[in-house]
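[1] predicted model follows, preceded by the sequence.
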Amino acid sequence: MEQTENDTDKQHEPSRQYEALNELGSRYTVTGDYAHAQQCFEEAATMEPDEAGPYVGLGVVALQKDLLDDAEIAFRVACRLDVNCSKAYAGLAMVAQQRTDYKQAFEMYLKCLELDTDDLVALLGLFQTSRQMGSFERVIHYLEVYLKTHPDDTSVMFALAALYMKENRPEQSRKILLDVLNLEPDNKDAADLLEEAEHSLAQTSQETISSKPQNDSPAGVQVE
């Protein structure tokens, strides 16, 4: 017997309700109505207990309310339900970062970016934690990858320029900062860092000139 259109709609109804609850929960979260957001995510989790999405939502709500233990539990449940849930790893990273556990935060941000190189929150979080740890090489890689598909993102461009300076690569920093200022002529932070990069390049050039051996005196000129 062929399914009627009404039968098909009934089959899809729970899925639609689940998606609607998740979307509504996200909207409540953005507006700061955490009580209603939590209610929506809990209902969604009851409706689809094997989906990671509602638990990510509950983790975000708990994080916004500074309930770090609750947030960690929710994000870990999401990871268990979906080992490729990049947002859950980003959530765990943010929890660790707030606890000043920068090593754990760094690892979780990396895990997130391995799954989703376009996650800007994880990218900037990785940048922040790298400055605490003094480890920049892998961060530079992900910033460069991100900029290949988002070439006009000035916040990421500036972060990469700052890391190039940390790694003593002022020429690369200067190039990016000029691009930033071309897009945002009034960006004072970029202008200040550009001045620092150009000073470093001038200093390096002067040191190179000074280190060159002096030419012999011209013939016929006696040096006392």
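    In hand now; what should we look at?
[2] poorly predicted segments of this structure, please.
    1-14, 210-224 (pLDDT under 70).
[3] which stretches of this structure form helices?
    5-31, 34-47, 53-64, 68-81, 86-98, 102-115, 120-133, 137-149, 154-166, 170-183, 188-211 (DSSP state H).
[4] what count of nearby residues applies to residue 202?
    Applying other CB atoms under 10 Å, we find 11 residues neighbouring residue 202. (Glycine included, C-beta is placed from N, CA and C.)
[5] name the nearest residue to the residue most central in space within the chain, ignoring sequence neighbours.
    Nearest residue to the geometric centre of the chain (CA atoms, centre = their mean): residue 123, 1.6 Å. Of all residues not flanking residue 123 in the chain, residue 146 sits nearest, at 5.7 Å (CB to CB, 6 or more residues apart in numbering).
[6] for that neighbour, give its distance to residue 121.
    Distance of residue 146 to residue 121, given as CB to CB, to the nearest Å: 12 Å.
[7] neighbour count winner among the two?
    Neighbour totals were compared for residue 146 and residue 121, and residue 146 leads with 22 against 14 (other CB under 10 Å).
[8] ok, the more buried one - contacts?
    117-118, 120, 123, 153, 156 (CB atoms under 8 Å, 6 or more residues apart in numbering).
[9] residue 51: neighbouring residues, count only.
    17.
[10] how about it, phi and psi?
    The phi/psi pair for residue 51 (degrees, to the nearest 10) reads phi -90, psi 140.
[11] so who does it touch?
    Counting by CB under 8 Å, 6+ apart, residue 51 has contacts 18, 44-45, 81-82.
[12] and residue 28, by the same measure?
    So residue 28 contacts 34, 36-37, 40 (CB under 8 Å, 6+ apart).
[13] again, only this time at 6 Å
    Residue 28 makes contact with 36-37, according to CB atoms under 6 Å, 6 or more residues apart in numbering.
[14] any idea how far the residue nearest to the centre of the chain is from residue 132?
    16 Å.
[15] with residue 110 instead?
    In terms of CB to CB, residue 110 sits 14 Å off from residue 132.
[16] same thing with residue 181?
    Applying CB to CB to residue 181 and residue 132 gives a distance of 28 Å.
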